[in-house]
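J.: Model the following, please.
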Amino acid sequence: MTKHEMKLMSNEINDLRNHVFYLNGILENVKEWLDEEIEHNEPVLNGDEELSDDTLGIHEGRSECATSLLEQIKKWEASDD
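T.: Numbers count the residues shown, from 1 in each chain. Sure, this is the predicted structure:
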């Protein structure tokens with residue numbers, strides 16, 4: 001293998017590593033947002049915060065979706081180990 005080929009492979013490895021770090025950052029942002037979504041809706045769902053409109057179903061759906069997606073992400077992460 002020539003020096004040029006080695007340099008190309010090294011650059012490709014660095015590009016792939018950077019892409020993995022980028023995607024991991026996005027995943028961490030998604031998980032953080034899901035946690036915040038669950039936390040934001042918790043007072044409404046627990047009855048600690050009363051709504052003056054008809055949006056309870058929206059809060060329930062958003063919280064349920066965020067919880068389910070977060071659980072699924074954790075399953076996928078566990079299966080990669």
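J.: Who are the packing partners of the longest helix seen in the chain?
T.: Counting by DSSP state H, the longest helix found in the chain is helix 3-45. Applying 3 or more CB pairs under 8 Å, 6 or more residues apart in numbering; DSSP states H and E, we find helix 3-45 packed against helix 56-79. Glycine gets a C-beta too; all of them are placed from N, C-alpha and C.
J.: got a list of contacts for the helix it packs on?
T.: Contacts to helix 56-79, defined as CB atoms under 8 Å, 6 or more residues apart in numbering, come from residues Leu27, Val30, Lys31, Leu34, Asp35, Glu37, Ile38, Asn41, Glu42, Val44, Leu45, Leu51.
J.: Can I get the residues you listed in TSV including neighbour count and pLDDT?
T.: Putting the contacts of helix 56-79 into TSV (neighbours: other CB atoms under 10 Å; pLDDT from 0 to 100) gives the following:
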residue	neighbour count	pLDDT
Leu27	13	97
Val30	13	98
Lys31	15	98
Leu34	19	98
Asp35	13	98
Glu37	18	97
Ile38	17	97
Asn41	21	95
Glu42	13	95
Val44	18	94
Leu45	15	94
Leu51	10	89
